[in-house]
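Colleague: the following comprises the amino acid sequence and a computationally predicted model.
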Amino acid sequence: LGISGLPDDAKIKAGMQAFKDFPELEAAFKEFTTFKNNLIDAGVDAGRFSKEQAAEWKEAADYVPWNRI
């Protein structure tokens, strides 16, 4: 890992190549993102957090709701 625990350019490149080499990874990521966004929307509907906070979390590709909520 690079600065502040972030992956370096080589690891990022390898990860992006894996998405190209294994389309099932992209399919799984899309399914996760749909699930994540629906869970976030449910939290907004329940009054747990604001639409503005929800928008930020939806933009964060690595945000995992059950680790923070």
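Modeller: Nice, I can see it.
Colleague: and stretch 38-57, what's buried?
Modeller: For stretch 38-57, the neighbour count (16 or more other Cβ atoms under 10 Å) marks 40, 43-44, 54, 57 as buried. In this view, the C-beta of every residue, glycine as well, is placed from N, C-alpha and C.
Colleague: could you pull out the helices for the protein?
Modeller: Using DSSP state H, the helices of the chain run over residues 9-21, 23-45, 51-59.
Colleague: helices or strands up against the second one?
Modeller: Read that as helix 23-45. Under the contact definition 3 or more Cβ pairs under 8 Å, 6 or more residues apart in numbering; DSSP states H and E, helix 23-45 sits against helix 9-21, helix 51-59.
Colleague: so which of the ones you listed comes closest to K30?
Modeller: helix 9-21 (10.9 Å; Cβ to Cβ).
Colleague: and that closest one with helix 23-45, angle?
Modeller: 100 degrees (axes from the mean of the first three to the mean of the last three Cα atoms, to 10 degrees).
Colleague: closest to E31 out of the buried residues of stretch 38-57?
Modeller: Distance ranking of those against E31, using Cβ to Cβ, places I40 first at 15.2 Å.
Colleague: please tell me I have it right and that closest one contacts K58.
Modeller: Yes: I40 is within contact range of K58, at 6.0 Å (criterion: Cβ atoms under 8 Å).
Colleague: okay, now the closest residue to A61 other than its chain neighbours: neighbour count?
Modeller: Leaving aside its sequence neighbours, A61 sits nearest to T33 (Cβ to Cβ, 6 or more residues apart in numbering; 7.6 Å). Neighbour count of T33, defined by other Cβ atoms under 10 Å: 13.
Colleague: quick check: phi and psi on P7?
Modeller: The phi/psi pair for P7 (degrees, to the nearest 10) reads phi -70, psi 150.
Colleague: picking up where we left off before, could I get the helices and strands packed on helix 23-45 as JSON lines with mean pLDDT and distance to A27?
Modeller: Output for these, formatted as JSON lines (pLDDT from 0 to 100; distance: least, Cβ to Cβ, whole Å):
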{"stretch": "helix 9-21", "mean pLDDT": "91", "distance to A27": "10"}
{"stretch": "helix 51-59", "mean pLDDT": "92", "distance to A27": "19"}
